[in-house]
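>>> Please find the sequence and the predicted model below.
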Amino acid sequence: QVQLVESGGGVVQAGGSLRLSCAASGGTFSNAVMAWFRQAPGKERESVATISRTGGLTYYADSVKGRFTISRDNAKNTVYLQMNNLKPEDTAVYYCAAGYGFGELRQTTARSWGQGTQVTVSS
């Protein structure tokens with residue numbers, strides 16, 4: 001089971017960009033489906049994006065399609081989330097997660113979670 005550490009969060013103005021990284025250790029990264037989730041204050045955690053083991057398949061929440069891009073580098077054991085044209089409603093704690101099923105990673109089937117990184121978008 002992999003251990004996950006996120007980085008790259010911060011404060012950005014609306015319309016700006018950030019790239020989140022999630023470094024994995026302690027397991028076989030290339031065997032894991034990887035995903036990003038987020039939780040805004042007072043709201044439930046929601047799925048943002050998922051990427052398959054090889055990176056050939058990706059899934060996105062409707063709210064981020066066309067603005068966010070998930071990618072992975074299996075040689076570096078790292079998954080990324082490039083976030084462009086950020087909006088105040090993107091403000092949340094972003095979590096990286098790993099699972100071993102197929103298709104889009106669900107919260108209920110994720111096996112490992114990172115500690116989260118805060119993203120704050122000011123208007």
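Perfect, I can see it now. Numbers count the residues shown, from 1 in each chain.

>>> contacts, neighbours, all on C-alpha from now
Noted.

>>> wait, doesn't G9 sit right on Q118?
Yes. Contact criterion C-alpha atoms under 8 Å: G9 and Q118 qualify, at 5.3 Å.

>>> Beta-bridge partners for F68, please?
Beta-bridge partners for F68, by DSSP bridges, are M83.

>>> Give me the phi and psi angles of the residue sitting nearest the centre point of the chain.
For the chain, the residue nearest the mean C-alpha position is W36 (2.2 Å; C-alpha atoms, centre = their mean). Backbone geometry at W36, expressed as degrees, to the nearest 10, gives phi -120, psi 140.

>>> what do you get for S30?
phi -70, psi -10.

>>> next one: V79
Dihedral angles (degrees, to the nearest 10) for V79: phi -120, psi 150.

>>> Give me the nearest residue to it, chain neighbours excluded.
Nearest in space to V79, with sequence neighbours left out and distances taken as C-alpha to C-alpha, 6 or more residues apart in numbering, is R72 at 4.1 Å.

>>> Over to S47?
That would be F37: by C-alpha to C-alpha, 6+ apart, it lies 4.4 Å from S47.

>>> check contacts around the one you found.
Contact analysis of F37 by C-alpha atoms under 8 Å, 6 or more residues apart in numbering lists 45-49, 94-97.

>>> Check the burial of N84 by counting its neighbours.
Look at N84: counted by other C-alpha atoms under 10 Å, it has 17 neighbours.

>>> wait, isn't it in contact with Q13?
No. N84 is beyond contact range of Q13, at 11.0 Å (criterion: C-alpha under 8 Å).

>>> Keep only those of the contacts of F37 that are in strands.
46-49, 94-97 (DSSP state E).

>>> Next, count neighbours for the residue nearest to T78 when sequence neighbours are not counted.
In space, not counting the residues next to it along the chain, T78 is nearest to A23; the distance is 4.6 Å by C-alpha to C-alpha, 6+ apart. When neighbours are counted by other C-alpha under 10 Å, A23 registers 19.

>>> again, but for D62
Under the neighbour criterion other C-alpha under 10 Å, D62 is assigned a count of 9.

>>> Can you give me the distance of it to F68?
Distance from D62 to F68, counting by C-alpha to C-alpha, to the nearest Å: 10 Å.
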